[in-house]
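Q: Give the three-dimensional model of this entry:
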Amino acid sequence: MKPWGKHLILDCAGCNFFLINDTTNIREFIKELANRIDMTVHGDPQIEFLLPGTDNEGYSVLQMITTSNITIHFVNKTKEAYIDVFSCKDFDPKIVDDVVNKYFEPSSMRTTILSRQA
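A: Predicted coordinates for the structure are as follows:
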């Protein structure tokens, strides 16, 4: 049985603090990522600064795409990024890695790929 979709999970450490706090950079990341993995976005990305004053404060991002979504949470204190790309349309995880490295400069990245099927 063919999987319904792919769910790419990236856990990124040691990101560039200034880049993960630059909403213009975050918007450009979403735009380039969607283009490079051939996804159609719906509306603008929702970018909100969440949990201010806590150890987990940082921007959270939601971008709807035709085939599902792209979500991110950045953690300022630890300079981490948690990025998910979920789509029933196939895409190349290596391209996602390349775009993440370009825009957020993590020192390390752990990749998990799930095949989704109910």
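Q: Look at residue 99 and say how many residues are nearby.
A: Counted with other Cβ atoms under 10 Å, residues neighbouring residue 99 total 20. Using the backbone N, CA and C atoms, a C-beta is placed for each residue, glycine as well.
Q: Return the residues in contact with the closest residue to it other than its chain neighbours.
A: Sequence neighbours aside, residue 33 is the residue nearest to residue 99 in space, at 4.7 Å (criterion: Cβ to Cβ, 6 or more residues apart in numbering). Each residue near residue 33 by Cβ atoms under 8 Å, 6 or more residues apart in numbering is listed here: 39, 70, 85, 96, 99.
Q: Could you say which helix or strand holds the second one?
A: Taking DSSP states H and E as the criterion, residue 70 maps to strand 68-75.
Q: Show me what counts as buried in that strand.
A: For strand 68-75, the neighbour count (16 or more other Cβ atoms under 10 Å) marks 68, 70-75 as buried.
Q: okay if I get these as TSV plus pLDDT and distance to residue 29?
A: TSV is the format used below for those (pLDDT from 0 to 100; distance: Cβ to Cβ, whole Å):
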residue	pLDDT	distance to residue 29
68	95	18
70	98	10
71	98	13
72	98	8
73	98	14
74	98	11
75	98	16
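Q: how far away is the residue nearest in space to the middle of the chain from residue 39?
A: For the chain, the residue nearest the mean C-alpha position is residue 83 (3.4 Å; Cα atoms, centre = their mean). According to Cβ to Cβ, to the nearest Å, residue 83 and residue 39 sit 14 Å apart.
Q: ditto for residue 11
A: For residue 11 relative to residue 39 (Cβ to Cβ), the value is 21 Å.
Q: ok, the two, which is more surrounded?
A: Between residue 11 and residue 39, residue 39 has the larger neighbour count (other Cβ under 10 Å), namely 21 against 14.
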